[in-house]
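1. Everything below, folded, please.
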Amino acid sequence: MTTTHEPPFPPEPPRGPGSGSTGGGDGHGHGNGHSHSHAHGPAAPVSRHLRKVIAAILIPFAAAVVVGLVVLWPGGAPSHERTGVGFDRQTQQATVTEVEEISCSAVNASGVPPTGDTSTAEGSSAQQQEDGTCKKATIRIDTGEDKGRTFTEVVQPDQSRQLHEDEKVVVAYEPSAPKDLQYSVTDVNRRIPMAVLAGLFALAVVVVGRLRGVMALIALAISFLVLTLFILPAILQGSNPLVVAVVGSSAIMLIALYMCHGLSARTSVAVLGTLISLLLIGVLGSVFIDWAALTGNTDDNTGLIHGLYPEIDMSGLLLAGIIIGSLGVLDDVTVTQTSAVWELHEANPTMGWRGLYRAGIRIGRDHIASVVNTLVLAYAGAALPLLLLFSIAQSSVGSVANSELVAEEIVRTLVGSIGLVASVPVTTALAALMVASDRPEGEPVTAEGRPAPARGGRGRRRKR
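-> Numbers count the residues shown, from 1 in each chain. Next comes the predicted model:
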(Lines give C-alpha, C1' and ligand atoms only; values in the text may rest on other atoms or scores of the structure.)
Protein backbone atom coordinates (compact mmCIF):
# COMPACT_ATOMS: atom_id res chain seq x y z
CA MET A 1 0.00 0.00 0.00
CA THR A 2 1.37 3.44 -0.89
CA THR A 3 -0.16 6.76 -0.03
CA THR A 4 1.82 9.61 -1.53
CA HIS A 5 -0.64 12.34 -0.64
CA GLU A 6 -0.47 12.02 3.15
CA PRO A 7 2.52 14.04 4.44
CA PRO A 8 4.87 13.82 6.14
CA PHE A 9 4.94 10.11 7.02
CA PRO A 10 4.12 7.86 4.03
CA PRO A 11 3.06 4.36 5.02
CA GLU A 12 5.82 1.82 4.94
CA PRO A 13 5.31 -1.47 3.09
CA PRO A 14 4.25 -4.39 5.31
CA ARG A 15 6.67 -7.23 5.64
CA GLY A 16 5.62 -10.79 5.29
CA PRO A 17 6.95 -13.65 7.40
CA GLY A 18 9.79 -14.30 5.01
CA SER A 19 10.73 -10.74 4.18
CA GLY A 20 13.74 -8.95 5.61
CA SER A 21 17.09 -7.64 4.57
CA THR A 22 18.50 -8.76 1.28
CA GLY A 23 20.89 -11.64 1.32
CA GLY A 24 18.99 -13.63 3.93
CA GLY A 25 17.45 -12.60 7.25
CA ASP A 26 15.19 -13.60 10.03
CA GLY A 27 12.12 -11.78 8.82
CA HIS A 28 12.52 -8.89 11.26
CA GLY A 29 14.99 -6.71 9.42
CA HIS A 30 18.12 -8.49 10.70
CA GLY A 31 20.45 -10.04 8.18
CA ASN A 32 22.80 -12.94 8.87
CA GLY A 33 25.63 -11.96 11.21
CA HIS A 34 23.96 -8.69 12.24
CA SER A 35 24.47 -8.08 15.95
CA HIS A 36 23.42 -4.49 16.73
CA SER A 37 22.64 -1.57 14.49
CA HIS A 38 20.19 1.22 13.99
CA ALA A 39 19.94 0.18 10.33
CA HIS A 40 16.70 -1.71 10.55
CA GLY A 41 14.48 -2.83 7.70
CA PRO A 42 11.19 -1.16 6.88
CA ALA A 43 9.17 -0.32 9.97
CA ALA A 44 5.77 -1.78 10.60
CA PRO A 45 2.99 0.10 8.78
CA VAL A 46 1.02 2.63 10.76
CA SER A 47 -2.43 3.97 10.20
CA ARG A 48 -3.35 7.25 8.60
CA HIS A 49 -4.74 8.47 11.93
CA LEU A 50 -1.44 7.90 13.73
CA ARG A 51 0.48 9.65 10.98
CA LYS A 52 -1.81 12.65 11.37
CA VAL A 53 -1.28 12.72 15.15
CA ILE A 54 2.50 12.62 14.81
CA ALA A 55 2.43 15.22 12.03
CA ALA A 56 0.23 17.50 14.15
CA ILE A 57 2.97 17.52 16.80
CA LEU A 58 6.12 17.58 14.69
CA ILE A 59 5.12 19.93 11.86
CA PRO A 60 4.48 22.91 14.20
CA PHE A 61 7.72 22.06 16.03
CA ALA A 62 9.70 21.96 12.77
CA ALA A 63 8.06 25.20 11.66
CA ALA A 64 9.03 26.86 14.96
CA VAL A 65 12.63 25.71 14.46
CA VAL A 66 12.71 27.21 10.95
CA VAL A 67 11.26 30.49 12.24
CA GLY A 68 13.87 30.51 15.01
CA LEU A 69 16.68 29.99 12.50
CA VAL A 70 15.40 32.84 10.33
CA VAL A 71 14.89 35.27 13.21
CA LEU A 72 18.18 34.51 14.98
CA TRP A 73 20.33 33.94 11.88
CA PRO A 74 23.49 36.07 12.28
CA GLY A 75 25.23 38.05 9.60
CA GLY A 76 28.58 36.65 10.69
CA ALA A 77 30.77 36.96 13.76
CA PRO A 78 31.34 40.61 14.75
CA SER A 79 34.84 41.96 14.16
CA HIS A 80 37.13 43.11 16.96
CA GLU A 81 40.64 44.32 17.56
CA ARG A 82 42.95 41.38 18.13
CA THR A 83 44.36 41.20 21.65
CA GLY A 84 47.28 38.93 20.82
CA VAL A 85 46.34 36.70 23.75
CA GLY A 86 45.64 32.96 23.52
CA PHE A 87 43.72 32.03 20.39
CA ASP A 88 43.15 35.70 19.56
CA ARG A 89 46.41 36.05 17.65
CA GLN A 90 47.43 36.40 14.04
CA THR A 91 49.08 33.16 12.96
CA GLN A 92 50.93 31.91 9.89
CA GLN A 93 52.25 28.57 8.67
CA ALA A 94 56.01 27.98 8.77
CA THR A 95 58.71 25.32 8.40
CA VAL A 96 61.76 24.57 10.55
CA THR A 97 64.64 24.66 8.06
CA GLU A 98 67.63 24.12 10.36
CA VAL A 99 68.32 23.09 13.95
CA GLU A 100 71.74 23.38 15.58
CA GLU A 101 72.84 22.57 19.12
CA ILE A 102 74.40 25.32 21.19
CA SER A 103 75.42 25.82 24.80
CA CYS A 104 72.60 27.20 26.91
CA SER A 105 75.05 29.42 28.82
CA ALA A 106 75.82 31.24 25.55
CA VAL A 107 72.21 32.32 24.99
CA ASN A 108 70.74 32.54 28.52
CA ALA A 109 71.39 35.07 31.22
CA SER A 110 72.40 33.03 34.25
CA GLY A 111 69.31 32.10 36.22
CA VAL A 112 71.06 29.86 38.72
CA PRO A 113 70.08 30.79 42.28
CA PRO A 114 72.97 32.53 44.13
CA THR A 115 72.80 29.87 46.85
CA GLY A 116 72.92 27.04 44.31
CA ASP A 117 69.64 25.65 45.66
CA THR A 118 68.14 23.32 43.04
CA SER A 119 65.53 21.74 45.31
CA THR A 120 62.77 23.95 43.86
CA ALA A 121 61.35 23.57 40.37
CA GLU A 122 62.58 27.05 39.42
CA GLY A 123 66.10 26.39 40.69
CA SER A 124 66.31 23.02 38.96
CA SER A 125 65.15 24.51 35.66
CA ALA A 126 67.63 27.38 35.93
CA GLN A 127 70.49 24.97 36.62
CA GLN A 128 69.50 22.82 33.64
CA GLN A 129 69.36 25.85 31.36
CA GLU A 130 72.78 26.93 32.57
CA ASP A 131 74.55 23.58 32.09
CA GLY A 132 72.47 21.95 29.33
CA THR A 133 72.50 21.98 25.55
CA CYS A 134 69.92 24.18 23.83
CA LYS A 135 68.73 24.17 20.23
CA LYS A 136 68.78 27.12 17.87
CA ALA A 137 66.08 26.67 15.21
CA THR A 138 65.80 28.61 11.97
CA ILE A 139 62.17 28.95 10.85
CA ARG A 140 60.89 30.04 7.42
CA ILE A 141 57.49 31.76 7.06
CA ASP A 142 55.41 29.96 4.40
CA THR A 143 52.25 32.10 4.28
CA GLY A 144 51.21 35.74 4.57
CA GLU A 145 52.88 38.97 3.52
CA ASP A 146 56.23 37.90 5.00
CA LYS A 147 56.38 34.61 3.06
CA GLY A 148 60.03 33.50 2.73
CA ARG A 149 61.22 35.51 5.74
CA THR A 150 63.24 33.61 8.35
CA PHE A 151 63.79 34.05 12.06
CA THR A 152 65.56 32.08 14.80
CA GLU A 153 64.25 30.73 18.08
CA VAL A 154 66.10 29.12 20.98
CA VAL A 155 64.56 25.97 22.45
CA GLN A 156 65.44 25.25 26.07
CA PRO A 157 66.27 21.62 27.03
CA ASP A 158 63.40 21.41 29.53
CA GLN A 159 60.72 22.58 27.07
CA SER A 160 58.04 19.98 26.38
CA ARG A 161 58.05 20.73 22.64
CA GLN A 162 61.35 20.27 20.84
CA LEU A 163 61.72 21.40 17.22
CA HIS A 164 63.13 19.25 14.40
CA GLU A 165 64.30 19.96 10.85
CA ASP A 166 61.57 20.04 8.15
CA GLU A 167 58.87 20.14 10.82
CA LYS A 168 55.74 22.15 9.97
CA VAL A 169 54.83 24.64 12.69
CA VAL A 170 52.39 27.47 13.45
CA VAL A 171 53.87 30.85 14.34
CA ALA A 172 52.21 33.83 16.02
CA TYR A 173 52.66 37.29 14.53
CA GLU A 174 52.75 40.46 16.63
CA PRO A 175 53.12 43.48 14.31
CA SER A 176 53.73 45.96 17.15
CA ALA A 177 56.82 44.09 18.42
CA PRO A 178 60.40 44.79 17.29
CA LYS A 179 61.10 43.21 13.90
CA ASP A 180 63.29 40.40 15.23
CA LEU A 181 60.63 39.50 17.84
CA GLN A 182 57.50 39.70 15.70
CA TYR A 183 57.29 35.95 15.10
CA SER A 184 57.37 33.08 17.58
CA VAL A 185 56.51 29.39 17.36
CA THR A 186 53.23 28.60 19.12
CA ASP A 187 52.34 25.09 17.97
CA VAL A 188 52.99 22.21 15.60
CA ASN A 189 51.06 22.02 12.31
CA ARG A 190 48.92 18.88 12.69
CA ARG A 191 46.81 19.22 9.54
CA ILE A 192 48.16 16.14 7.75
CA PRO A 193 47.76 13.59 10.60
CA MET A 194 44.35 15.03 11.49
CA ALA A 195 43.21 14.83 7.86
CA VAL A 196 44.42 11.21 7.59
CA LEU A 197 42.60 10.29 10.80
CA ALA A 198 39.41 11.94 9.55
CA GLY A 199 39.73 10.02 6.28
CA LEU A 200 40.13 6.71 8.13
CA PHE A 201 37.05 7.53 10.22
CA ALA A 202 34.97 8.31 7.13
CA LEU A 203 36.19 5.15 5.39
CA ALA A 204 35.31 2.97 8.39
CA VAL A 205 31.83 4.50 8.63
CA VAL A 206 31.12 3.98 4.91
CA VAL A 207 32.54 0.44 4.76
CA VAL A 208 30.54 -0.74 7.77
CA GLY A 209 27.46 1.46 7.46
CA ARG A 210 27.26 1.62 3.65
CA LEU A 211 24.42 3.92 2.57
CA ARG A 212 23.45 4.74 6.13
CA GLY A 213 27.09 5.48 6.87
CA VAL A 214 27.18 7.95 3.98
CA MET A 215 23.99 9.60 5.24
CA ALA A 216 25.47 9.76 8.75
CA LEU A 217 28.57 11.56 7.43
CA ILE A 218 26.39 14.03 5.52
CA ALA A 219 24.34 14.65 8.67
CA LEU A 220 27.57 15.16 10.62
CA ALA A 221 28.76 17.75 8.09
CA ILE A 222 25.42 19.57 8.30
CA SER A 223 25.64 19.55 12.11
CA PHE A 224 29.05 21.25 11.94
CA LEU A 225 27.66 23.79 9.49
CA VAL A 226 24.77 24.63 11.85
CA LEU A 227 27.27 24.95 14.69
CA THR A 228 29.75 27.18 12.84
CA LEU A 229 27.35 29.22 10.69
CA PHE A 230 24.48 29.67 13.15
CA ILE A 231 25.11 28.78 16.80
CA LEU A 232 28.55 30.33 17.35
CA PRO A 233 28.03 33.59 15.36
CA ALA A 234 24.55 34.08 16.86
CA ILE A 235 25.95 33.82 20.39
CA LEU A 236 28.79 36.22 19.52
CA GLN A 237 26.26 38.72 18.18
CA GLY A 238 24.58 38.84 21.56
CA SER A 239 21.60 36.48 21.13
CA ASN A 240 20.52 34.50 24.19
CA PRO A 241 22.83 31.44 24.28
CA LEU A 242 20.07 29.18 25.64
CA VAL A 243 17.59 30.11 22.90
CA VAL A 244 20.26 29.76 20.22
CA ALA A 245 21.30 26.34 21.60
CA VAL A 246 17.69 25.09 21.71
CA VAL A 247 16.96 26.21 18.13
CA GLY A 248 20.29 24.97 16.78
CA SER A 249 20.11 21.63 18.60
CA SER A 250 16.54 21.09 17.39
CA ALA A 251 17.61 21.74 13.80
CA ILE A 252 20.52 19.32 14.14
CA MET A 253 18.24 16.71 15.73
CA LEU A 254 15.62 16.89 12.98
CA ILE A 255 18.16 16.80 10.16
CA ALA A 256 20.35 14.06 11.62
CA LEU A 257 17.60 11.68 12.73
CA TYR A 258 15.49 11.89 9.58
CA MET A 259 18.51 11.72 7.27
CA CYS A 260 20.03 8.72 9.03
CA HIS A 261 16.88 6.77 9.91
CA GLY A 262 14.32 7.81 7.34
CA LEU A 263 11.06 9.76 7.35
CA SER A 264 8.92 7.33 9.35
CA ALA A 265 6.71 7.11 12.42
CA ARG A 266 9.49 5.22 14.21
CA THR A 267 11.95 8.06 13.70
CA SER A 268 9.30 10.60 14.68
CA VAL A 269 8.78 8.89 18.03
CA ALA A 270 12.55 9.04 18.61
CA VAL A 271 12.44 12.77 17.79
CA LEU A 272 9.66 13.30 20.35
CA GLY A 273 11.58 11.36 23.01
CA THR A 274 14.74 13.36 22.31
CA LEU A 275 12.84 16.66 22.45
CA ILE A 276 11.23 15.86 25.83
CA SER A 277 14.60 14.80 27.26
CA LEU A 278 16.31 17.97 25.99
CA LEU A 279 13.61 20.08 27.65
CA LEU A 280 14.24 18.25 30.93
CA ILE A 281 18.00 18.83 30.62
CA GLY A 282 17.40 22.52 29.90
CA VAL A 283 15.16 22.97 32.96
CA LEU A 284 17.45 21.05 35.32
CA GLY A 285 20.55 22.77 33.97
CA SER A 286 19.03 26.22 34.40
CA VAL A 287 17.92 25.47 37.98
CA PHE A 288 21.22 24.01 39.20
CA ILE A 289 23.50 26.47 37.40
CA ASP A 290 21.62 29.27 39.13
CA TRP A 291 21.42 27.45 42.49
CA ALA A 292 25.13 26.57 42.50
CA ALA A 293 26.02 30.14 41.40
CA LEU A 294 28.09 28.93 38.43
CA THR A 295 29.34 31.83 36.33
CA GLY A 296 30.66 29.80 33.40
CA ASN A 297 33.86 31.87 33.49
CA THR A 298 36.39 29.42 34.89
CA ASP A 299 39.47 29.38 32.64
CA ASP A 300 41.58 31.52 30.33
CA ASN A 301 39.44 30.82 27.26
CA THR A 302 36.12 31.80 28.87
CA GLY A 303 37.86 34.78 30.48
CA LEU A 304 39.07 35.91 27.05
CA ILE A 305 35.56 35.51 25.59
CA HIS A 306 34.09 37.55 28.44
CA GLY A 307 36.73 40.23 27.95
CA LEU A 308 36.11 40.50 24.21
CA TYR A 309 32.31 40.22 24.39
CA PRO A 310 31.16 41.24 27.89
CA GLU A 311 27.53 41.19 26.77
CA ILE A 312 27.57 37.38 26.41
CA ASP A 313 25.82 35.59 29.27
CA MET A 314 28.52 33.12 30.33
CA SER A 315 26.21 31.05 32.55
CA GLY A 316 23.81 30.83 29.61
CA LEU A 317 26.73 29.72 27.46
CA LEU A 318 27.45 26.96 29.98
CA LEU A 319 23.83 25.77 29.79
CA ALA A 320 23.94 25.88 25.99
CA GLY A 321 27.02 23.67 26.07
CA ILE A 322 25.25 21.15 28.31
CA ILE A 323 22.30 20.92 25.90
CA ILE A 324 24.44 20.56 22.78
CA GLY A 325 26.78 18.07 24.45
CA SER A 326 23.88 15.85 25.56
CA LEU A 327 22.19 15.78 22.15
CA GLY A 328 24.51 13.25 20.50
CA VAL A 329 24.12 10.59 23.17
CA LEU A 330 20.37 11.25 23.45
CA ASP A 331 19.92 10.51 19.75
CA ASP A 332 21.53 7.11 20.19
CA VAL A 333 19.40 6.19 23.20
CA THR A 334 16.05 7.29 21.79
CA VAL A 335 16.56 5.69 18.37
CA THR A 336 17.66 2.40 19.93
CA GLN A 337 14.74 2.28 22.36
CA THR A 338 12.20 3.11 19.66
CA SER A 339 13.62 0.47 17.33
CA ALA A 340 13.61 -2.11 20.14
CA VAL A 341 9.91 -1.54 20.85
CA TRP A 342 9.04 -1.65 17.14
CA GLU A 343 10.90 -4.94 16.69
CA LEU A 344 9.24 -6.42 19.79
CA HIS A 345 5.88 -5.51 18.31
CA GLU A 346 6.86 -7.09 15.00
CA ALA A 347 7.90 -10.29 16.78
CA ASN A 348 4.68 -10.45 18.83
CA PRO A 349 1.85 -8.26 17.48
CA THR A 350 -0.54 -9.44 20.23
CA MET A 351 1.54 -7.85 22.99
CA GLY A 352 -0.19 -4.85 24.60
CA TRP A 353 1.50 -1.58 25.44
CA ARG A 354 2.30 -2.63 29.02
CA GLY A 355 4.03 -5.77 27.81
CA LEU A 356 5.92 -3.78 25.18
CA TYR A 357 6.95 -1.21 27.77
CA ARG A 358 8.19 -3.84 30.25
CA ALA A 359 10.18 -5.64 27.57
CA GLY A 360 11.57 -2.40 26.16
CA ILE A 361 12.57 -1.02 29.55
CA ARG A 362 14.54 -4.20 30.28
CA ILE A 363 16.58 -3.46 27.18
CA GLY A 364 16.83 0.18 28.24
CA ARG A 365 18.31 -0.62 31.64
CA ASP A 366 21.38 -2.12 29.97
CA HIS A 367 21.59 0.95 27.75
CA ILE A 368 21.35 3.29 30.75
CA ALA A 369 24.24 1.58 32.52
CA SER A 370 26.51 1.86 29.48
CA VAL A 371 25.75 5.42 28.35
CA VAL A 372 25.89 6.97 31.84
CA ASN A 373 29.26 5.34 32.49
CA THR A 374 30.45 6.51 29.08
CA LEU A 375 29.38 10.10 29.73
CA VAL A 376 30.98 10.27 33.18
CA LEU A 377 34.25 8.76 31.96
CA ALA A 378 34.31 11.11 28.96
CA TYR A 379 34.10 14.16 31.22
CA ALA A 380 36.59 12.66 33.70
CA GLY A 381 39.04 11.97 30.90
CA ALA A 382 38.78 15.53 29.61
CA ALA A 383 39.38 16.90 33.13
CA LEU A 384 42.17 14.43 34.00
CA PRO A 385 44.99 17.04 34.23
CA LEU A 386 42.82 19.13 36.56
CA LEU A 387 42.01 16.12 38.74
CA LEU A 388 45.71 15.27 38.83
CA LEU A 389 46.51 18.75 40.13
CA PHE A 390 43.99 18.33 42.93
CA SER A 391 45.51 14.96 43.74
CA ILE A 392 49.00 16.47 43.93
CA ALA A 393 47.69 19.17 46.27
CA GLN A 394 46.10 16.43 48.42
CA SER A 395 42.80 18.30 48.46
CA SER A 396 39.80 16.63 50.04
CA VAL A 397 36.94 15.40 47.88
CA GLY A 398 34.65 18.06 49.39
CA SER A 399 36.96 20.97 48.60
CA VAL A 400 37.59 19.67 45.08
CA ALA A 401 33.87 19.30 44.34
CA ASN A 402 33.16 22.74 45.78
CA SER A 403 35.55 24.56 43.44
CA GLU A 404 33.69 26.15 40.53
CA LEU A 405 35.92 24.52 37.93
CA VAL A 406 34.99 21.01 39.13
CA ALA A 407 31.43 21.88 40.17
CA GLU A 408 30.78 23.01 36.62
CA GLU A 409 31.80 19.62 35.27
CA ILE A 410 29.77 17.82 37.95
CA VAL A 411 26.62 19.77 37.05
CA ARG A 412 27.28 19.20 33.35
CA THR A 413 27.73 15.46 33.86
CA LEU A 414 24.85 14.84 36.27
CA VAL A 415 22.29 16.99 34.45
CA GLY A 416 23.15 15.29 31.16
CA SER A 417 23.01 11.87 32.80
CA ILE A 418 19.58 12.55 34.33
CA GLY A 419 18.32 13.51 30.88
CA LEU A 420 19.76 10.32 29.41
CA VAL A 421 18.21 8.14 32.12
CA ALA A 422 14.83 9.86 31.70
CA SER A 423 14.93 9.44 27.91
CA VAL A 424 14.71 5.64 28.24
CA PRO A 425 11.31 5.33 29.98
CA VAL A 426 9.92 8.37 28.13
CA THR A 427 10.84 7.11 24.67
CA THR A 428 9.92 3.51 25.49
CA ALA A 429 6.48 4.58 26.75
CA LEU A 430 5.86 6.75 23.69
CA ALA A 431 6.87 3.97 21.31
CA ALA A 432 4.84 1.33 23.17
CA LEU A 433 1.72 3.50 23.19
CA MET A 434 2.11 4.29 19.49
CA VAL A 435 2.52 0.76 18.19
CA ALA A 436 0.11 -0.91 20.63
CA SER A 437 -2.78 1.51 20.10
CA ASP A 438 -2.44 1.60 16.36
CA ARG A 439 -3.16 -0.80 13.54
CA PRO A 440 -3.14 -0.34 9.77
CA GLU A 441 -6.47 -0.10 8.02
CA GLY A 442 -8.05 -3.50 7.34
CA GLU A 443 -6.00 -5.44 9.91
CA PRO A 444 -8.12 -7.82 12.04
CA VAL A 445 -8.24 -7.35 15.80
CA THR A 446 -8.99 -9.59 18.75
CA ALA A 447 -11.90 -9.13 21.16
CA GLU A 448 -9.60 -7.10 23.43
CA GLY A 449 -8.89 -4.64 20.62
CA ARG A 450 -5.36 -5.92 19.97
CA PRO A 451 -4.14 -6.82 16.47
CA ALA A 452 -4.75 -10.46 15.64
CA PRO A 453 -1.66 -12.69 15.42
CA ALA A 454 -0.13 -12.81 11.96
CA ARG A 455 -0.09 -16.08 10.13
CA GLY A 456 3.06 -18.10 9.91
CA GLY A 457 3.80 -18.15 13.65
CA ARG A 458 4.88 -14.53 14.01
CA GLY A 459 2.30 -13.82 16.70
CA ARG A 460 3.45 -16.42 19.22
CA ARG A 461 4.35 -14.96 22.59
CA ARG A 462 7.84 -15.83 23.65
CA LYS A 463 8.41 -17.09 27.16
CA ARG A 464 10.51 -14.86 29.40
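
2. which residue packs closest to Gly416, ignoring adjacent ones?
-> Spatially, and ignoring its direct neighbours in sequence, Gly416 is nearest to Ser326 (4.2 Å; CB to CB, 6 or more residues apart in numbering). Placement of C-beta: from N, CA and C, glycine included.

3. so which helix or strand takes in the one you found?
-> helix 314-347 (DSSP states H and E).

4. Would you indicate which residues of that helix are buried?
-> Buried residues in helix 314-347, counted by 16 or more other CB atoms under 10 Å: 314-327, 329-347.

5. Which residue comes closest to Val214 once chain neighbours are left out?
-> Val206 (5.8 Å).

6. just to revisit the earlier point, after the helix holding Ser326, which helix or strand is next?
-> helix 353-382.

7. any idea how far the helix or strand following that next one is from the chain center?
-> The first helix or strand that comes after helix 353-382 along the chain, using DSSP H and E, is helix 384-392. In terms of CA atoms, centre = their mean, to the nearest Å, the centre of helix 384-392 is found 25 Å from the chain centre.

8. Show residues contacting helix 384-392.
-> Contacting residues not belonging to helix 384-392 are listed as 380, 400, 405-406 [CB atoms under 8 Å, 6 or more residues apart in numbering].

9. do the same with stretch 227-242
-> 69, 72-78, 244-245, 248, 251-252, 282, 286, 309, 311-313, 316-317, 319-320, 323-324.

10. re earlier: and the contacts of helix 384-392, which of them are buried?
-> Buried, going by 16+ other CB under 10 Å: 400, 406, out of those.

11. what about stretch 164-184, distance to the chain center?
-> The answer for stretch 164-184 is 34 Å, by CA atoms, centre = their mean.

12. mean confidence score for it?
-> Taken as a whole, stretch 164-184 has a mean pLDDT of 85.

13. Gly148 belongs to a strand, doesn't it?
-> No: Gly148 is assigned coil when assessed by DSSP: H, G, I helix; E, B strand; the rest coil, not a strand.

14. Quick check: phi and psi on it?
-> phi 100, psi -20 (degrees, to the nearest 10).

15. what is the mean pLDDT for the helix holding Ser326?
-> 87.

16. I'd like to know which elements it is packed against.
-> helix 241-261, helix 265-291, helix 300-308, helix 353-382, helix 404-436 (3 or more CB pairs under 8 Å, 6 or more residues apart in numbering; DSSP states H and E).

17. So for the longest one, what gets flagged as buried?
-> Under the neighbour-count criterion of 16+ other CB under 10 Å, helix 404-436 has 406-432, 434-436 buried.

18. angle of that helix against helix 353-382?
-> Here the directions of helix 404-436 and helix 353-382 differ by 160 degrees (axes from the mean of the first three to the mean of the last three CA atoms, to 10 degrees).

19. The shortest one now?
-> Counting by the same axes, to 10 degrees, helix 300-308 lies at 90 degrees to helix 353-382.

20. ok so, going back, for Trp353, see how far away the residue nearest to Gly416 is.
-> Between Ser326 and Trp353 the computed distance is 27 Å (CB to CB, to the nearest Å).

21. Same question for Ala359.
-> Taken as CB to CB, the span from Ala359 to Trp353 is 11 Å.

22. Next: Lys179.
-> Relative to Trp353, and taking CB to CB, Lys179 is found at 76 Å.

23. contacting residues for the closest residue to Gly213 other than its chain neighbours?
-> In space, and not counting its chain neighbours, Gly213 is closest to Val205: 4.2 Å by CB to CB, 6+ apart. Taking CB under 8 Å, 6+ apart as the contact definition, Val205 lies against 213, 216-217.

24. got those residues as a markdown table, with secondary structure and neighbour count columns?
-> Formatted as a markdown table, the contacts of Val205 follow (DSSP: H, G, I helix; E, B strand; the rest coil; neighbours: other CB atoms under 10 Å):
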| residue | secondary structure | neighbour count |
| --- | --- | --- |
| Gly213 | helix | 18 |
| Ala216 | helix | 20 |
| Leu217 | helix | 16 |
